[in-house]
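Visitor: All I have is the shape, not the residue letters:
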């Protein structure tokens, strides 16, 4: 039986991108459910406002929807990061988020990391590209939240195969 162990070897940039792509599909699915629920709360008639020929969303609806999407994304990432250190995408690509000493991250760190990861992404991805130029291979949000993304290595089973 193969078990996994976490080394403190930094996760390669390409694995991080692959896990992000995988997790983005999951988050988009969550957001579809959230949007449906918010729309049910407001009713389709109350969510739209007519401005001449264009149909726009009511500002209250847009703000509630945006807040619900942000909270649901943080809940998804925060729960996985604090419980197992891995989202589903991170499990598939064998990477884990840990504190700098290798222990599980805290809820406060997950919140800080989540907000700073958004900033890293919105700033033309520069916070992520920082991985390519620093010796720790850490993104800006990793450095500022006291976390690091590490590889999860497969332990050899008794027969010596991986």
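Guide: Here it is on my side, so go on. Treat the numbers as computed from the prediction; the structure is a model and nothing was measured. Numbers count the residues shown, from 1 in each chain.
Visitor: And for residue 16, the neighbour number?
Guide: Residues contacting residue 16 under the criterion other C-beta atoms under 10 Å number 21. To be clear about C-beta, it is placed using only N, CA and C from the backbone, and glycine gets the same treatment.
Visitor: So which residues of the chain form strands?
Guide: Along the chain, the stretches classed as strands by DSSP state E are 4-10, 48-51, 54-57, 95-99, 147-154.
Visitor: and these, which one's lowest on average pLDDT?
Guide: If you rank the strands of the chain by mean pLDDT, strand 48-51 sits at the bottom with a mean of 64.
Visitor: Can you give me the pLDDT of the residue minimising distance to the centre of the chain?
Guide: Note on the chain: the residue nearest the mean C-alpha position is residue 77, at 4.9 Å, using C-alpha atoms, centre = their mean. Predicted confidence (pLDDT) at residue 77: the value is 98.
Visitor: And for residue 40?
Guide: Note for residue 40: predicted pLDDT of 89.
Visitor: any idea how far residue 119 is from it?
Guide: To residue 119, residue 40 is 32 Å away according to C-beta to C-beta, to the nearest Å.
Visitor: nearest spatial neighbour of residue 92, skipping sequence neighbours?
Guide: Distances taken as C-beta to C-beta, 6 or more residues apart in numbering put residue 22 closest to residue 92, at 5.8 Å, once the chain neighbours are dropped.
Visitor: coming back round to it: what sits closest to the residue nearest to the centre of the chain if chain neighbours are left out?
Guide: Counting by C-beta to C-beta, 6+ apart, residue 77 lies nearest to residue 114, which is 5.6 Å off, once chain neighbours are set aside.
Visitor: For that neighbour, give me its contacts.
Guide: Under the criterion of C-beta atoms under 8 Å, 6 or more residues apart in numbering, the contact list for residue 114 reads 73, 74, 77, 78.
Visitor: and of those residues, the nearest to residue 131?
Guide: Proximity to residue 131 was ranked across the contacts of residue 114 by C-beta to C-beta; first place goes to residue 77, at 18.1 Å.
Visitor: Any figure for the gap between residue 138 and residue 45?
Guide: Between residue 138 and residue 45 the distance, using C-beta to C-beta, works out to 49 Å.
Visitor: still on that earlier bit, per-residue pLDDT, the residue nearest to residue 77?
Guide: Predicted confidence (pLDDT) at residue 114: the value is 97.
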